[in-house]
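Engineer: quick one, structure for this:
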Amino acid sequence: MMNMKNIFRTALLAVAFFAFVSCSEKEVEVVEYLDVTANNLAGDWKLETWNDGLVPEDGVAVYIRFVRKDSRYEMYSNIGSMEFVRQTGDFTVLTDEVAGYIIRGSYDNTLNEEWNHRYIVRLTAERMVWTAYDDPADVCVYVRCSIPDEIVSAFPAVE
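Structural biologist: Okay, here's the model as predicted:
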């Protein structure tokens with residue numbers, strides 16, 4: 001009789017243990033990151049969040065288009081302005097052994113001024129996260145989209 005109680009108790013503990021383990025396990029989402037290349041960046045993106053805050057939806061937006069063949073970009077923004085402003089320039093993707101992929105760029109202006117930061121980039125097919133290399137609190141999240149035609153057509157064609 002004592003042997004039967006031990007078997008029953010052991011079985012009950014085993015069932016309780018496996019029930020606890022199965023409840024405590026969480027599914028881990030595996031994210032497939034892409035290599036950051038001009039080809040994988042090519043296309044249109046919209047700024048979704050900036051430093052964990054949503055970009056206001058009341059018409060304020062930042063769009064960026066990467067052109068693969070020339071390593072060029074076009075940025076359309078109306079932050080701090082009633083109308084969209086277009087900025088263009090060159091971009092370069094670098095590889096750092098520790099940080100991973102880094103993007104940097106310059107503006108087409110008379111000073112050929114560089115962007116404020118170089119950014120560590122994490123890229124998926126539909127989302128990219130930029131973290132300033134020198135300021136990890138400065139984080140921008142972009143999502144794939146189409147830049148509205150009325151914004152692009154308001155400017156002369158880019159050569």
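
Engineer: partner residues bridging residue 135?
Structural biologist: The partner list for residue 135 in beta bridges (DSSP bridges) reads residue 132.

Engineer: neighbouring strands for the strand ranked longest in the chain, and are they parallel or not?
Structural biologist: What stands out as the longest strand in the chain, according to DSSP state E, is strand 85-96. Using DSSP bridges, strand 85-96 pairs in its sheet with strand 72-77 (antiparallel), strand 100-107 (antiparallel).

Engineer: and that strand, what's buried?
Structural biologist: Across strand 85-96, burial judged by 16 or more other CB atoms under 10 Å covers 86, 88-89, 91, 93. C-beta here means a position set from N, CA and C on the backbone, and glycine is covered the same way.

Engineer: neighbours around residue 64, how many?
Structural biologist: Residues lying near residue 64 (other CB atoms under 10 Å) number 22.

Engineer: wait, a strand at it?
Structural biologist: Yes - under DSSP: H, G, I helix; E, B strand; the rest coil, residue 64 sits within a strand.

Engineer: mind listing what it touches?
Structural biologist: Going by CB atoms under 8 Å, 6 or more residues apart in numbering, residue 64 touches 44-45, 47, 73-76, 142.

Engineer: now do 7 Å
Structural biologist: By CB atoms under 7 Å, 6 or more residues apart in numbering, the contact list for residue 64 reads 45, 73, 75, 142.
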